[in-house]
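Asker: What follows is a predicted structure for the sequence shown.
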Amino acid sequence: MPSSLRIDDTLLRRMARDASFYSLTRPWALVMWAVLAAALATSIVSLGSAGTDADVLTAWMPVAVVALAAYAVWLTVVNARRAVRAAMPPETIVWVELGERALLIGADKRRSEIPYDEFQSIRAGRDAVLLKVRGASVVTAVPRPLFTDEDLATLRARIA
């Protein structure tokens, strides 16, 4: 029997937080953070060795790097909120069922049946279970309260 729950704004925000954290800690995102950290360190070190012509530009480089990092975080959070809200608007009844060969997910009148072999990986956050689809750059976020610990163990076994 499928488990279900009604989505509210608080749960949507928490699910978006889990999805944002997932996005910001992916391998390519970690490369981006390393590049930004190197740029910040280089710009700070060059503050002391800048000539008079480059003083203004050099002084603003650390600020620009920090602003770029903040913008990346903000954009990730906004996109995660938008995606979660589009999939599950507030007051939507969401349900999930672990079938023999596929994960069944429903939101109001929509219903999806996704074979387990379509998933590349699973990550269970505090408020969202994030399912990475093979060949796609996006994840499917499902409310964590819909899964018991046994369900997650079963899901991990079927995806691996």
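Answerer: Everything's here; your move.
Asker: Give me the nearest residue to the spatially most central residue of the chain, chain neighbours excluded.
Answerer: Central residue of the chain (CA atoms, centre = their mean): residue 19, 2.4 Å from the mean position. Excluding the flanking residues, the one nearest residue 19 by CB to CB, 6 or more residues apart in numbering is residue 80, at 4.1 Å. To be clear about C-beta, it is placed using only N, CA and C from the backbone, and glycine gets the same treatment.
Asker: What's the first helix or strand after the helix or strand hosting that neighbour?
Answerer: Under the criterion of DSSP states H and E, residue 80 resides in helix 55-87. Next in sequence after helix 55-87, counting helices and strands by DSSP H and E, comes strand 93-98.
Asker: Starting from that following strand, tell me which strands it pairs with and how they run.
Answerer: Paired strands of strand 93-98, with direction, are strand 3-6 (antiparallel), strand 102-107 (antiparallel) (DSSP bridges).
Asker: chain center to stretch 109-127, what's the gap?
Answerer: Remark: stretch 109-127 is offset 14 Å from the chain centroid, using CA atoms, centre = their mean, to the nearest Å.
Asker: sorry, that was for stretch 19-26
Answerer: 4 Å.
Asker: so where's the chain uncertain?
Answerer: 1-2, 48-56 (pLDDT under 70).
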